[in-house]
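In: Please find the sequence and the predicted model below.
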Amino acid sequence: MKILTQPEKAIAEAKKEKSLVKSIGTLVAVAVLLALAIGIAAPTIPSLAAMGTAASVAMFIVVLIGGLFLGWIVKVAITTLGGTGKYFEGLTVVSYSTLPISVGAVIAAIVFFLPVLGILIGFAVLVFFSVLGVAMMYRAIKDLFRTDMITAFVGVSVIVLGITIAIYCSVILGAGTLLQGIGTISG
């Protein structure tokens, strides 16, 4: 709970304790909360409603595996830019900064059911918790990797750019493979 109420203290404690188990536990909590948010929101989204609980299970698995992978990516990016740290620091950045966002997603999923004002209140909740999560990400990178805010900013930019490039390349390569498969079937 300290992550939400006193994020700077939670980051300082994480730096002092260096508990990989606590960081993984936080990531599991994030995965559970986002799976819950999808489960709550699914009935209102036709494509998710058809999937039922499979959407929540898929969200849990993707967030857990993706978070573990992203922790390593954060470590690689920030240490390449001059920060000092290991996998623990990267995973802690990811798990601690996504916890507020996942809490906001659950609250917003519930609030969205309110008539008229639900969407506005949900939006405000998501803005608040997302800003808290992003601010925590930068602070955690700065504190855990012993770097400055400029390096943290550049590191996050590098990570986002790398993910964007990977998405575009995957789409292009996937489309090429799909077209090749279609050509093989029709030819």
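Out: Everything's here; your move. Small disclaimer: the values here were computed from a predicted structure and weren't measured.
In: Tell me which helix or strand in this structure has the weakest average pLDDT.
Out: The weakest-scoring helix or strand in the chain, judged by mean pLDDT, DSSP states H and E, is helix 46-49 (a mean of 74).
In: Could you tell me how far it lies from the centre of the chain?
Out: 22 Å (C-alpha atoms, centre = their mean, to the nearest Å).
In: tell me how far whichever strand or helix holds residue 30 is from the chain's mean position?
Out: Using DSSP states H and E, residue 30 sits within helix 20-41. In terms of C-alpha atoms, centre = their mean, the centre of helix 20-41 is found 10 Å from the chain centre.
In: Next, the residues that contact that helix from outside, please.
Out: If you take C-beta atoms under 8 Å, 6 or more residues apart in numbering as the criterion, helix 20-41 is touched by 3, 14, 48, 53, 55-57, 59-61, 63-64, 67-68, 71, 87-88, 91-92, 94-96, 98-99, 101-103, 105-106, 108-110, 112. For the C-beta atoms, the positions are set from N, CA and C on the backbone; glycine is no exception.
In: distance between the helix ranked longest in the chain and the chain's centre?
Out: Longest helix in the chain by number of residues, with DSSP state H as the criterion: helix 149-186. Helix 149-186 sits 18 Å away from the centroid of its parent chain (C-alpha atoms, centre = their mean).
In: Please point out which parts of it sit buried.
Out: 151, 152, 154, 155, 156, 158, 159 (16 or more other C-beta atoms under 10 Å).
In: CA atoms of the least confident helix or strand of the chain as CSV?
Out: The C-alpha trace of helix 46-49 is given here as CSV (Å, rounded to 0.1, in the frame of the first residue of the first chain):
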residue,chain,number,x,y,z
PRO,A,46,-18.3,-7.3,-27.3
SER,A,47,-15.0,-8.9,-28.4
LEU,A,48,-14.0,-9.5,-24.8
ALA,A,49,-17.4,-10.6,-23.7
